[in-house]
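K.L.:
predicted coordinates and the sequence they were generated for:
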Amino acid sequence: MSGLMGYIRLEMIRTVRDGGYVIFGIAMPVVMYLVFTNLGLAPGDRHYAAVFTMVSMAAYGALGGAFNNGTGIAEDRAAGWLRQLRLTPLTPAQVVTGKVVTGVAGVVPSIAAVLLTGALVNHVTLAPGQWLSIVGLLWAGTIPFSLLGLGNGYRLTGQTAAMANVATLLSLSIIGGLWVPTTGFPGWLRAISGWTPSNSYASLSWHIAFGEAPTLREVAILCGWLVAFGLYAVYGYRRAARTA
């Protein structure tokens, strides 16, 4: 356990020092939130737009942080870091777990920055329980995406992994309704969106923000993707470790 905690601490330090994480994981979602809500680009009246887009951009920022955590894996492979990890007592599952914990912890500033902007700039007011629930759901819900990003990082080369994670982030954000509400989608695209992990992830917090209860369907879909992406990440690590 001490070895795992030391590994997590090392990865957290590396994440904080990553300039791309600060720009794209924290600053960009805040800027997009302000642009969407203050230039009339968000749907609904001002209150609805401020709340809906706040959750959407917090989710988008959290996903960006989760995928960014996986992109550096390919660079670690090239630098021989995975080869070094094979010489430690850490098991493949522990290594993946350590990276997931790092990714989940790293999304907290992204979520907090957007939510604080919503409260301080757009004067979003929610009950304390709603704020806490939204933070908790957005935080815990990034685990599947962190696993997906890690799987890409373990399986692909540095440049390819970065492109794959960015493409996946943008695709899931758009199709999942984080940028544009799915109510404006064609019927077939709305049906696809309902099965994406990003839509279920954001929907949990959208429900809470508007005083509704999340549905079991959304929880089940997200859990299903969690299992699939978890298997993918462990498989990717095993393959990468054998060839490192």
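P.N.:
Here it is on my side, so go on. This is a predicted model, so every value here is computed, not measured.
K.L.:
all contacts plus neighbour counts: C-alpha atoms, from now on.
P.N.:
OK.
K.L.:
after the lowest-mean-pLDDT helix or strand in the chain, next one along is what?
P.N.:
Between all helices and strands in the chain, the lowest mean by mean pLDDT, DSSP states H and E belongs to helix 19-20, at a mean of 62. The element immediately downstream of helix 19-20 (helix or strand, assigned by DSSP states H and E) is helix 28-38.
K.L.:
pull out the buried positions in the helix or strand that comes right after that following helix.
P.N.:
Using DSSP H and E, the next helix or strand after helix 28-38 towards the C-terminus is helix 46-79. Across helix 46-79, burial judged by 16 or more other C-alpha atoms under 10 Å covers 48-77.
K.L.:
ok, stretch 200-215 next?
P.N.:
Quick answer for stretch 200-215 (16+ other C-alpha under 10 Å): 200-209.
K.L.:
and that stretch, what's its mean pLDDT?
P.N.:
Averaging pLDDT along stretch 200-215 gives 95.
K.L.:
could you do stretch 53-61 as well?
P.N.:
95.
K.L.:
could you export that stretch as CSV, CA atoms only?
P.N.:
Coordinates of each C-alpha in stretch 53-61 appear next as CSV, following Å, rounded to 0.1, in the frame of the first residue of the first chain:
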residue,chain,number,x,y,z
THR,A,53,-24.0,25.3,-19.1
MET,A,54,-22.2,25.5,-15.8
VAL,A,55,-22.7,21.8,-15.3
SER,A,56,-21.8,21.1,-19.0
MET,A,57,-18.6,23.0,-18.9
ALA,A,58,-17.6,21.6,-15.5
ALA,A,59,-18.1,18.1,-17.0
TYR,A,60,-16.2,19.1,-20.1
GLY,A,61,-13.3,20.4,-18.0
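K.L.:
ok, which stretches of this protein are helices?
P.N.:
2-16, 19-20, 28-38, 46-79, 81-86, 92-106, 108-120, 128-140, 143-155, 158-175, 187-193, 197-209, 216-243 (DSSP state H).
K.L.:
quick one, what contacts the nearest residue in space to Thr196 that is not next to it in sequence?
P.N.:
Residue nearest to Thr196 in three dimensions, not counting chain neighbours: Gly176, with 6.2 Å by C-alpha to C-alpha, 6 or more residues apart in numbering. Gly176 sits next to 182, 193-194, 196-200 when contact means C-alpha atoms under 8 Å, 6 or more residues apart in numbering.
K.L.:
and those residues as JSON lines, adding distance to Val234?
P.N.:
Shown next, in JSON lines, are these (distance: C-alpha to C-alpha, whole Å):
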{"residue": "Thr182", "distance to Val234": "33"}
{"residue": "Ser193", "distance to Val234": "26"}
{"residue": "Gly194", "distance to Val234": "27"}
{"residue": "Thr196", "distance to Val234": "21"}
{"residue": "Pro197", "distance to Val234": "19"}
{"residue": "Ser198", "distance to Val234": "21"}
{"residue": "Asn199", "distance to Val234": "24"}
{"residue": "Ser200", "distance to Val234": "23"}
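K.L.:
and which of the residues you listed is nearest to Pro29?
P.N.:
Among those, Ser198 lies closest to Pro29 (C-alpha to C-alpha), at 15.7 Å.
K.L.:
right, and the closest one touches Ser173 too?
P.N.:
Yes: taking C-alpha atoms under 8 Å as the definition, Ser198 is a contact partner of Ser173 at 6.6 Å.
K.L.:
so between those two, which is more surrounded?
P.N.:
With neighbours defined as other C-alpha atoms under 10 Å, Ser198 and Ser173 compare such that Ser198 has more, 29 against 24.
K.L.:
can you pull the phi/psi pair for the closest residue to that one other than its chain neighbours?
P.N.:
Distances taken as C-alpha to C-alpha, 6+ apart put Gly176 closest to Ser198, at 5.1 Å, once the chain neighbours are dropped. When quoted as degrees, to the nearest 10, the phi and psi of Gly176 stand at phi -80, psi -10.
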